[in-house]
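> Following is a predicted model, sequence given first.
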Amino acid sequence: MNFVATLRIALLALRVNKMRSALTMLGIIIGVAAVIIMIAVGGGAQARVEEQIRSLGSNIIIVLSGSVTSGGARGGTGSQPTISEDDGYAIGREIEEIQAAAPTLRGSGQVVAGNANWSTVFYGITPDYLEVREWAIIEGRGFEQAEMSGAGKVVLIGQTVAKNLFGDASPLDQVIRVRKVPLTVIGVLERKGQSMTGQDQDDILLMPIGTARKRVLGSALAKSRSVGSIMVKVNQGADMASADARMRELLRQRHRLQPGQDDDFFVRNLSEILQAQEASSKVMALLLAAVASVSLLVGGIGIMNIMLVSVTERTREIGLRMAVGARARDILTQFLVEAVTLSLIGGAIGILLGIGGSMLIAELAGWRTQLSVSSIVLAAGFAGAIGIFFGYYPAKKASRLLPIEALRYE
Amino acid sequence: MSGTLIRVEELAKEYRMGNNVVPALCGVSLEIAAGEFVAVMGPSGSGKSTFMNLLGCLDHPSGGRYWLDGQEVSQLSGDELARVRNRKLGFVFQHFNLLARTSALDNVALPLLYSEMPPNERTQHAKQRLAQVGLAERMDHHPAQLSGGQQQRVAIARALVNDPRLVLADEPTGALDSRTSVEIMALLQQLNREGITIVVVTHEHDIAHFAGRIISFRDGKIIEDKPNVANDAAAQLT
C-alpha cells in the first residue's frame, strides 16, 4: 500500500467529518500560533534590548571616582575626584585587553545660540570617547590634535541640542556659548536615542577635555588632572573579568593603596545590565513557552480523543480492510497518517495565523516582532510530532483489532 | 477446473469464556474441489460461522490442519494470513460492508489497494468486475444511492476483483428481499459456472438449493454432506 493512497484515505476520512476535524485542529492551531507569536515577540524584545545595549557601546567598563575615607567618614561615590586623566591613559596603554580608555569630565549648564538657549550636559573628552561609545559624526568633523592639546574652542553637538538651538538649520560653524564661553560647532553627532534608563543620549555636547577643564568648568578644576569617569572598551572577545581585575590592580598601584584598604574608585560593568536584561527576557520566553506547550498538549489530547472515537466508529471498516488483505501495519499507518495529517493541517493554519497575529501585534500594540524561519520550522515539527505521539495509541489500538470481531462489531 | 482446493483435517476451534472452554467446532474433516458450489447450513450455534471464519483465514484454529490451494495455512501468522486473504480469497457479507461516501468503483478496488498492483491497473480491473455484475453504469454512485441488491452486487464485484481462488459468502441474502435474493444467488451460480469456487453460509433451504453440494452442521460437527440433486431445477426457476 503506497503512501499517496494512504494519504488519500486519510484526507477522505477527515473530509467526511469536516466540523469535527476543524474543532480537533483548533487546539493545534492555537498552540502553533502561540509558539510563533511568542518567538516573534520575544525575538523583537531581544533585538530591542541588544540594540539599546549596542547604542551604549558593547564591552564597556566604566571607572568612577570612589569613596575616600577621611576621619572615619566614608564619602560615597564621587565624593572626591580620585581618578585622573592619566589613570585613563595608563589603562589604555598598559592593559592589553583594553581597546580604548576615555577619561571624561562632566558638567552641565545653559547653552546659548542667538536668541535660543537650552540647558544641557557637556563632556570633556578625548577622541577615544567616540571610539568607546561607537559614536559617529554625521556632519562636520572630529577634534584635531591641535584642538586637543591647545584646549581649542570647538564643540560637537548632539541632535537634541542642535534641534533646540538651531531648529532645522545647520549648526555647523555656528558659535554657541556654553557657560558664557563661545565655542564653534564643528560636527553633529549621530542620533543615539534613549538609554536603557530612559535618558536622552542626544541631549549632549562634547568638547576636548582640556577645553572643558580650563575654559568651561572654571578655575577650581583648572590645575588638577582629575576626571569624573573613565570609559573603557575591552577588545572584542577578550575576557571582561580578567580585564576588570587587571584594571583594578593597576589603579590600586597607581593610587598607592595598601593591601586591606578600600578601593578609592568604582568599576561598573555594563555586562551586568546585559545579563539582567537577558535573564528577564529568558523568564518571559519561558513563561510564553509554558503557555504554548500547555496549549499544544491540550491540542494533542484532543487529537487522541477524536482518533479513539474514530477508531471505534470505524471498527467494521477496519474489519473489512483486514478481511480484504490489510495487514496490522497497514491499519496502523492509515490511522497514524490521519492523525499526523490532522495535526499538520492544523499546524499550517496555526503558522499562517501566527504570522498574521504577530503582524497584527506589531501594527496595533506597536511592539516590535521578529518572525524567524526557525520558529516556523520548529512549530511545524512540533505539530507533526504531536500527531505522531498522540495518534500512535489509537492507531495501535485499531491495528490490534481481530478481523472477525471487528467485522461483527455493531 | 478440478483438483482439491480445500482440505481440512480434524479442524477444531474452542472459545474461552472466563473459566469455561466452549467448543465451537469439534474436529471437522472435508475436502472441497476447485469449481464446486457449496452451501454450509445449520442453525445458529452449530459452528458453521466458526467454520467459515477458519476457511476465510480470519481466525486461527485451536487444532487440526487446513490446506488452501496446496498451502498449509493453519500455522501462518496474522500478516501471512492477511496476504493469503488478499491473494486467494473473496468475501461477501450479509450487510455488504461497503465503505460509505466512497464510490462503487473505489469500493470494488479496495482489496487491490493492499496488493502490489499499480494504481491505473487497479481501476481497470475494478471497472471490469463492476461490468461483470451488471453495474458498469453505476461506478460513481455511493452505496447510499444504490438498492440493497445493487450494493450486494458491488460487494460481489469487490470479492472478485483480486481473481480469488475461493469466494466465501456469509448469509449473502440475509438482508435482502426474496426476489433480490434469487437474483443474487443466480449471479453467484453464474459465476460458479464461469469456474469460481464458492462457499455460501446460509440457514435458508431455498438459498442452499442453488448450490451443488450441501453440508449441514450441528453442535460443531458435520451431520450431513450430500450433493444437491435439485440444483438444476433451482437454476431453471430463475
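Thanks, I have the structure now.
> Now do the helices in chain B.
Counting by DSSP state H, chain B has helices at residues B:48-55, B:78-88, B:104-113, B:119-132, B:148-160, B:178-193, B:205-208, B:231-237.
> now what about the fourth one, what contacts it?
Residues external to helix B:119-132 that are found in contact with it (CB atoms under 8 Å, 6 or more residues apart in numbering or on different chains): A:5, B:104-106, B:108-109, B:112-113, B:117, B:136, B:138-139, B:154, B:157-158, B:160-161. Just so you know, the C-beta spots here come from the backbone N, C-alpha and C atoms, and that holds for glycine as well.
> What of the second one?
Residues outside helix B:78-88 that contact it (CB under 8 Å, 6+ apart) are A:322-329, B:56-58, B:68-69, B:71, B:73, B:76, B:91, B:111, B:114-115, B:162, B:164-166.
> Near chain A, which residues of chain B are found?
B:53, B:56, B:58-59, B:78-79, B:82-83, B:85-87, B:91, B:93, B:97, B:99-102, B:110-111, B:113-115, B:119, B:158, B:162 (CB under 8 Å from any CB of the partner chain).
> Where does the stretch 151-300 of chain A get nearest to chain B, residue-wise?
In the stretch 151-300 of chain A, the residue that lies nearest chain B is A:Gly299 (26.5 Å; CB to the nearest CB).
> Am I right that that residue falls within a helix?
Yes: assessed with DSSP: H, G, I helix; E, B strand; the rest coil, A:Gly299 lies in a helix.
> For it, list the residues it contacts.
A:25-31, A:343, A:346, A:386.
> low pLDDT regions in the stretch 201-350 of chain A?
For the stretch 201-350 of chain A, applying pLDDT under 70 flags the ranges A:219-223, A:270-274.
> what mean pLDDT does the longest strand belonging to chain A have?
Once chain A is assigned using DSSP state E, the strand that runs over the most residues is strand A:98-113. The average pLDDT for strand A:98-113 rounds to 89.
> Which strands and helices lie in contact with it?
On a contact count with 3 or more CB pairs under 8 Å, 6 or more residues apart in numbering or on different chains; DSSP states H and E, strand A:98-113 meets helix A:85-94, strand A:116-125, helix A:128-132, helix A:159-166, strand A:175-178, helix A:209-211, strand A:226-227, strand A:229-234.
> That one versus strand A:116-125: what angle between them?
Interaxial angle, strand A:98-113 versus strand A:116-125 (axes from the mean of the first three to the mean of the last three CA atoms, to 10 degrees): 160 degrees.
> Note down every partner strand of strand A:98-113 and its orientation.
strand A:116-125 (antiparallel), strand A:175-178 (antiparallel), strand A:229-234 (antiparallel) (DSSP bridges).
> okay, these, which one's buried deepest?
strand A:229-234 (a mean of 25; mean count of other CB atoms under 10 Å in any protein chain shown).
> Next secondary structure element downstream of that one?
Once the chain leaves strand A:229-234, the next helix or strand it forms, by DSSP states H and E, is helix A:240-254.
> what number of residues lie near the residue nearest to B:Gly47 when sequence neighbours are not counted?
Leaving aside its sequence neighbours, B:Gly47 sits nearest to B:Gly220 (CB to CB, 6 or more residues apart in numbering or on different chains; 4.0 Å). Neighbour count for B:Gly220, taken as other CB atoms under 10 Å in any protein chain shown: 22.
> Just the closest residue of the stretch 301-410 of chain A to chain B, please.
For the stretch 301-410 of chain A, CB to the nearest CB, closest residue to chain B: A:Gly325, 2.5 Å.
> secondary structure class for that residue?
Strictly by three-state DSSP, A:Gly325 counts as coil.
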